[in-house]
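Participant: how would this look folded up:
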Amino acid sequence: MKRLNPQSAVKRLAPELAIKRWTPEDRAVGVAVGAVLAGAVGLSVFSPVAGASAATEAVSATAEKAAAVTHTVEKPEATSSGMTLAEAKAEGWKVLPRAVEASEVIDLAKEQVGIEEEGSGNMTKFHDWWVSTPRAESAASSGGFSVDAYKGAAWCDMFVSWLGSQTGVKGMGWDAYTVSHANWFKDQGRWGDEAKPGAIVFFDWGAGSDGSIGDIDHVGIVEKDNGDGTVSTIEGNSNNAVQERTRDKGQIVGYGYPEYA
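Facilitator: So this is what the prediction gives:
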């Protein structure tokens, strides 16, 4: 470890203007470090017999303690928007929103293949997650019903939303109602007719590609465009399970595009 000059150490303890620009966490660290270094300087003042070498070693040793102090005062991890991990989890995220490749979300979707509804309530872990979120509470309140109404309900969009929450992908949107989710993508300017990997695909079993957003019946995530008029997808609530499917493009109303890296 590089040794410190005692006089230089003293000079670095004082700059008040810099302190004014510190956050409360930084000030806490500064006070702790200042106290430790001040103790070191005090040793050199009150022990002149030891000489400059001993004083320098004292500062060097206590600087190591100061470094340890700075590591004990941890700032909450936050995104550029200022959301901490604790705040993100309270909203329903597993991780902080971040730059995510489409392949990561697709891989997670594949890992869920085979999960089925359980018990007489037709519940899944996707239901459990959704009803725990403030978004579900807000949607239920706006619709004039209890959040418990989501338990055992159609869950294709809960599955898609869950994928976004677990990976931290931005611009995925969370919903349990396919029509409002598709409208959200359109309002965000992230709606189109190209089957990109990781795109959120919306189906209408009646009018198909000639239908409108208001006619949407089902949703999944695109694995790939097969180039033959079909799309490989992964869908929740497909025969009451998560399944990989091959869908004709004639059944698709449109696609929502998350903000992938």
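
Participant: any idea how far Ala261 lies from Ala102?
Facilitator: 8 Å (CB to CB, to the nearest Å). Every residue, glycine included, has its C-beta placed from N, CA and C.

Participant: and for Gly208?
Facilitator: Distance from Gly208 to Ala102, by CB to CB: 25 Å.

Participant: same thing with Gly211?
Facilitator: For Gly211, the distance to Ala102 equals 26 Å [CB to CB].

Participant: just to revisit the earlier point, which one's more surrounded, Ala261 and Ala102?
Facilitator: Neighbour count, other CB atoms under 10 Å: between Ala261 and Ala102, Ala102 has more, with 19 against 11.

Participant: mind listing what the more buried one touches?
Facilitator: Going by CB atoms under 8 Å, 6 or more residues apart in numbering, Ala102 touches Lys196, Pro197, Gly198, Pro258, Tyr260.

Participant: apart from its neighbours in sequence, what residue is nearest it?
Facilitator: Distances taken as CB to CB, 6 or more residues apart in numbering place Gly198 nearest to Ala102, at 2.8 Å, with adjacent residues excluded.

Participant: phi, psi for that neighbour please.
Facilitator: For Gly198, the backbone dihedrals are phi 90, psi -10 (criterion: degrees, to the nearest 10).

Participant: number of residues surrounding it?
Facilitator: Count around Gly198 with other CB under 10 Å applied: 23.

Participant: correct me, but it touches Leu108?
Facilitator: No: counting by CB atoms under 8 Å, Gly198 stays clear of Leu108, with 10.8 Å between them.

Participant: in stretch 187-196, what counts as buried?
Facilitator: Residues of stretch 187-196 classed as buried by neighbour count (16 or more other CB atoms under 10 Å): Arg190, Trp191, Ala195.

Participant: and if you look at stretch 121-138?
Facilitator: Using 16+ other CB under 10 Å as the test for burial, stretch 121-138 gives Asn122, Met123, Thr124, Phe126, His127, Trp129, Trp130, Val131, Thr133, Arg135, Ala136.

Participant: the fifth one reaches Ala153, doesn't it?
Facilitator: Yes: in this structure, His127 is within contact of Ala153 by CB under 8 Å, at 7.5 Å.

Participant: residues contacting the closest residue to Glu104 other than its chain neighbours?
Facilitator: Spatial nearest neighbour of Glu104, excluding adjacent residues (CB to CB, 6+ apart): Thr167 at 5.7 Å. Contact analysis of Thr167 by CB under 8 Å, 6+ apart lists Lys94, Val95, Val100, Glu104, Val105, Leu108.

Participant: also Asp217?
Facilitator: Asp217 touches Thr178, Phe203, Asp204, Trp205, Gly206, counting by CB under 8 Å, 6+ apart.

Participant: please repeat the previous calculation with a cut-off of 7 Å.
Facilitator: By CB atoms under 7 Å, 6 or more residues apart in numbering, the contact set of Asp217 is Thr178, Phe203, Asp204, Trp205.
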